[in-house]
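Novice: Sequence first, predicted model second:
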Amino acid sequence: MAQPLQLGFQDAASPIMEELLHFHDHALVAVFLISILVLYIITTMMTAKLTNTNLIDAQEIEMVWTIMPSIILIVIALPSLRILYLMDEISNPFITVKTIGHQWYWSYEYSDYEDISFDSYMTPTMDLLPGQLRLLEVDNRMVVPMNAPIRVLITAEDVLHSWAVPSLGVKTDAIPGRLNQTSFITTRPGLFYGQCSEICGANHSFMPIVIEAIPLQSFNSWSLLIRET
């Protein structure tokens, strides 16, 4: 979850989010170097005489500031294309969960199990237990096994929503009449919080997402308990 006065990203809990953090750092270094170069050129222009033809009309400088942006774009584009491919690749999911956005709550259907489906509403502030987070806790969490590929089918019943969990690197639009899909793998157990990231109405800020990653054996016990009840 996000922390007060936090400046950076949340801690990565999936391989995709780790790749995104590495790419962010990579791009930030490129932006820093570009800023230093531009500042150096501006400083040189301000301190030099504006009539200095060697500086203003230099063919070499024009070649540099034409070629360098192309090289920078290639350096940034290649890693980003790799990450886009990894984010779109879905192979042999362990389970499939269908997520449906409503005004203003989420519904989850475990497609591999006939009897597992439930709605997930935000827990009112007056009902929160000690340690639970205001505006982020829900009555029914989406439970998944850790270290297993999870495919999520996402749609909406009424208006546009967006299913987003920052620590997992997942953000996919929920569109009425259309089925989008994404996938993730949780690398550690825990609770991972998200929210709808599309302005969907008056209670847009009151439809949080909570994913609970547990060991596979515990997940099997949970699924059996849910089906019995």
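Specialist: Now that the structure is in, tell me what you want to look at. Residues are numbered from 1 along each chain as shown.
Novice: hey, let's count contacts and neighbours off CA atoms from now on
Specialist: Noted.
Novice: lowest-pLDDT helix or strand in this protein?
Specialist: helix 53-56 (a mean of 55; mean pLDDT, DSSP states H and E).
Novice: Past that one, which element shows up next along the chain?
Specialist: helix 59-88 (DSSP states H and E).
Novice: just checking, what packs against the following helix or strand past that following helix?
Specialist: Next along the chain after helix 59-88, taking DSSP H and E as the criterion, comes strand 95-102. Where contact means 3 or more CA pairs under 8 Å, 6 or more residues apart in numbering; DSSP states H and E, strand 95-102 is packed against strand 105-110, strand 150-156.
Novice: Give me whichever of these is most buried.
Specialist: Across the helices and strands packed on strand 95-102, the average number of neighbours (mean count of other CA atoms under 10 Å) peaks for strand 150-156, which reaches a mean of 23.
Novice: contacts for stretch 202-215?
Specialist: 103-106, 121-122, 135-138, 141-146, 163-165, 186, 188-196, 198 (CA atoms under 8 Å, 6 or more residues apart in numbering).
Novice: Who are the contact partners of the most centrally placed residue in the chain?
Specialist: Residue closest to the mean C-alpha point of the chain, counted by CA atoms, centre = their mean, is Gly169 at 3.0 Å. When contacts are counted by CA under 8 Å, 6+ apart, Gly169 touches Ala12, Ser14, Ile16, Met17, Leu20.
Novice: Tell me, what's the model's pLDDT at the first one?
Specialist: Right, the one you point to is Ala12. Note for Ala12: predicted pLDDT of 91.
Novice: swap in the fourth one?
Specialist: According to the predicted model, the pLDDT of Met17 comes to 93.
Novice: Just the angle for the lengthiest helix in the chain relative to helix 59-88, thanks.
Specialist: Counting residues, the longest helix found in the chain (DSSP state H) is helix 15-47. Between the axes of helix 15-47 and helix 59-88, defined by axes from the mean of the first three to the mean of the last three CA atoms, to 10 degrees, the angle is 170 degrees.
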